[in-house]
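Student: model the structure of this input:
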Amino acid sequence: MKEQNIALKLVFGGVIFLFSAAFAYFAASYLQQEDVFNYWLVLFIFAVAYIIVGILVSSVFSVSLGLLFTADLLVLHNLFENFGDIDKLSRILIVGAILAVLYAVAWKVLDRGTSPSPNTSGIPQ
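Tutor: Model (predicted):
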């Protein structure tokens, strides 16, 4: 039963990832077409919003992981397409730092979600 729960969480996280990525790219394209915002600015705003929401809902493993992976994708795409004038070593360091922070949060969420809760009631289970 536990393997089914983990598989269901991963599938749900994948759905969150796909939906949030599609929503960010659709919104960026639409807002650029309507001359409201710059395409790259919208992607950056979505990435920051997904990071904040992913950290805030870190107690829900699949939602947090899906949003953090989407933020990952948006930050990588934004850095490699929009900031071409930054030298490659600096981009690698920036991306590495961002990925380290995002995956550290995801790892903390995973550790918290899988660790057994202590029995503090004194009643054997």
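Student: show me the chain divided up by domain.
Tutor: The domain map for the chain lists 1-33, 34-113, with the assignment taken from the TED database.
Student: out of these, which is the most enclosed?
Tutor: Counting by mean count of other CB atoms under 10 Å, domain 34-113 has the highest mean neighbour count of the domains of the chain, with a mean of 16. Where C-beta positions appear, they are placed from N, C-alpha and C, glycine not excepted.
Student: show me where the chain has its helices.
Tutor: Ranges of helices in the chain, per DSSP state H, are 2-33, 39-56, 61-82, 88-114.
Student: chain center to the shortest one: distance?
Tutor: Pointing back at helix 39-56 there. Averaging C-alpha positions (CA atoms, centre = their mean, to the nearest Å) puts helix 39-56 9 Å from its chain's average.
Student: and the angle for the helix or strand bottoming out on mean pLDDT in the chain with helix 2-33?
Tutor: Here the helix or strand of the chain ranked lowest by mean pLDDT, DSSP states H and E is helix 88-114, holding a mean of 73. Here helix 88-114 points in a direction 140 degrees away from that of helix 2-33 (axes from the mean of the first three to the mean of the last three CA atoms, to 10 degrees).
Student: which residues touch I6?
Tutor: Not one residue lies near I6 by CB atoms under 8 Å, 6 or more residues apart in numbering.
Student: still on that earlier bit, mean pLDDT lowest for which of the domains of the chain?
Tutor: Of all these, the segment with the smallest mean pLDDT is domain 34-113, scoring a mean of 81.
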